[in-house]
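Colleague: Here is my input, please return the structure:
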Amino acid sequence: PVANGGTVVLGPGKLYIVKNTQARYDACKWGASTLPRHVGIVGAGTGQTGIAIAPGSIGYGIANAGASNSTAYAADEKILLEGFSLYGNRSYQTGGVQLGGVIYNVPLSASWFTNVDCYATMDNLVISQFLSDGLTMHGRGESHISRLWLMNNSNRGLYTNGVQDTRFSSINAGGNGWAGFYCYDNASCSFNHCKSFYNGVGGGTDIYKTCNWYIGDGGHSYVKGTTMYTDCEAQESRGSGWLIEGGLNSFSNIKSSDPRRTPIGSNPRPSPAAALHIRGNGSNNTFSNFSCCPSL
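Modeller: Numbering: from 1, shown residues only. Here you go, the predicted model:
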C-alpha cells in the first residue's frame, strides 16, 4: 500500500529547529510514479508553535516540491499549513542560500494532475525573516489563504504568479524589503481585508520593488486579471502605494496612504511614486471608493 497523506501535529509552546541541506527534492515521488499526497503541518497557533530554520540551510523553509526550479517540477497538490510561526533567521544564514519561506507550486501544464485544482489551505501563520519572499505561489487554485503575517522578509511578502481561483483574506505584509503584495498574471482571485505597509527599503529606485501592491497581467492585454480587491490597504511605502498595470480587476473600499515615505530607505527615491499609479494595460480596471492620502 502507498500512504495517501497525513498531518504532522506540532506541540504548543515548542520551537522546532530544522535544517534543509538539499537544493532539490521531489516530495511526491514514489518509485517510478508521481503520486499526489495530502499532507499537512498543524501547530497550536502563531506565537504558540514555532519552526526556526537553522543556519546554513538551503532551499525553502517549506516547499511542496523541489525548490531548484520554480515552474517545472512535480508537487503535492493538497496541503494544509495551519497555526505556527516560521522564522527564516536570515541574519544567521551564512553557510548556504536560504531562498524563501513557503513555496507552493502546481503548474497548469503538469501531466500528472489527478485534479485540475489544488485545494490548499493555509491559515494562522507567521512567515518572517527569510532571505527572499515570504510566500510564493504558482499555478492553479481553489485554495484558501487566510490570517497570514508576512513580515520582514528580504524580498516580497506575498508573490503570486499565474494563480487562479484562490481566496486571500486577512493577510498582513509589513516591513518587507520589496513589495508587500506582488500579484502577477493571476485570474479569478479575491483579496479581502489585506494590508501592506512599510515596504520597499531594499528596492532602490525600482518602481516594482518599492510599492506596497503591484498588480500586473503578464502582458496579456486584459485577458488576465478579473480579480477583486475589497477592503484592502496600502500604508507607508518607499514608492507607490498601488502600482497597477493589469486590467479587468475590481477595487472596492481601498485605501492608499503615505506613499513615498521618507524614512524608508535613502535617496535617490523611485519615480514616479503615487498613492495610485496606473500604467501599461491598467485602464480597464474598475474603482469604487478608492481613497488616497498624500505622504506625511
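
Colleague: ok, which stretches of the stretch 101-250 of the chain are strands?
Modeller: 121-128, 135-139, 144-151, 158-161, 167-174, 181-184, 190-192, 195-199, 213-216, 228-230, 233-237, 242-245, 250-257 (DSSP state E, counting those that start in this stretch).

Colleague: can I get those in JSON lines with mean pLDDT?
Modeller: Rendered in JSON lines, the data for those read as follows (pLDDT from 0 to 100):
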{"stretch": "strand 121-128", "mean pLDDT": "97"}
{"stretch": "strand 135-139", "mean pLDDT": "88"}
{"stretch": "strand 144-151", "mean pLDDT": "98"}
{"stretch": "strand 158-161", "mean pLDDT": "94"}
{"stretch": "strand 167-174", "mean pLDDT": "98"}
{"stretch": "strand 181-184", "mean pLDDT": "96"}
{"stretch": "strand 190-192", "mean pLDDT": "97"}
{"stretch": "strand 195-199", "mean pLDDT": "97"}
{"stretch": "strand 213-216", "mean pLDDT": "95"}
{"stretch": "strand 228-230", "mean pLDDT": "97"}
{"stretch": "strand 233-237", "mean pLDDT": "96"}
{"stretch": "strand 242-245", "mean pLDDT": "94"}
{"stretch": "strand 250-257", "mean pLDDT": "96"}
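
Colleague: Any idea which helix or strand in the chain has the lowest mean pLDDT?
Modeller: For the chain, the helix or strand with the lowest mean confidence is strand 29-30, at a mean of 38 (criterion: mean pLDDT, DSSP states H and E).

Colleague: that older thread, including distance to residue 49, could the strands of the stretch 101-250 of the chain go into JSON lines?
Modeller: C-beta: built from backbone N, CA, C; applies to glycine. Formatted as JSON lines, the entries for those read as follows, by distance: least, CB to CB, whole Å:
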{"stretch": "strand 121-128", "distance to residue 49": "10"}
{"stretch": "strand 135-139", "distance to residue 49": "18"}
{"stretch": "strand 144-151", "distance to residue 49": "14"}
{"stretch": "strand 158-161", "distance to residue 49": "22"}
{"stretch": "strand 167-174", "distance to residue 49": "19"}
{"stretch": "strand 181-184", "distance to residue 49": "26"}
{"stretch": "strand 190-192", "distance to residue 49": "26"}
{"stretch": "strand 195-199", "distance to residue 49": "24"}
{"stretch": "strand 213-216", "distance to residue 49": "30"}
{"stretch": "strand 228-230", "distance to residue 49": "31"}
{"stretch": "strand 233-237", "distance to residue 49": "29"}
{"stretch": "strand 242-245", "distance to residue 49": "34"}
{"stretch": "strand 250-257", "distance to residue 49": "33"}
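
Colleague: Ok, which of those comes nearest residue 277?
Modeller: The minimum distance between residue 277 and these falls on strand 242-245, with 4.8 Å, by CB to CB.

Colleague: Spatially nearest residue to residue 106, not counting backbone neighbours?
Modeller: In this structure, residue 106 finds its nearest non-sequential neighbour in residue 139, 3.9 Å apart by CB to CB, 6 or more residues apart in numbering.

Colleague: show me what contacts residue 286?
Modeller: Contacts of residue 286 were listed using CB atoms under 8 Å, 6 or more residues apart in numbering, and they are 249-251.

Colleague: try 10 Å this time
Modeller: 228, 247-252 (CB atoms under 10 Å, 6 or more residues apart in numbering).

Colleague: isn't there a helix covering residue 91?
Modeller: Yes - note on residue 91: a helix contains this position according to DSSP: H, G, I helix; E, B strand; the rest coil.

Colleague: my guess is it meets residue 128, correct?
Modeller: No - counting by CB atoms under 10 Å, residue 91 does not reach residue 128; the two are 12.0 Å apart.

Colleague: what's the closest non-adjacent residue to residue 219?
Modeller: Spatial nearest neighbour of residue 219, excluding adjacent residues (CB to CB, 6+ apart): residue 281 at 7.6 Å.

Colleague: How about the secondary structure of the one you found?
Modeller: With three-state DSSP as the basis, residue 281 sits in coil.
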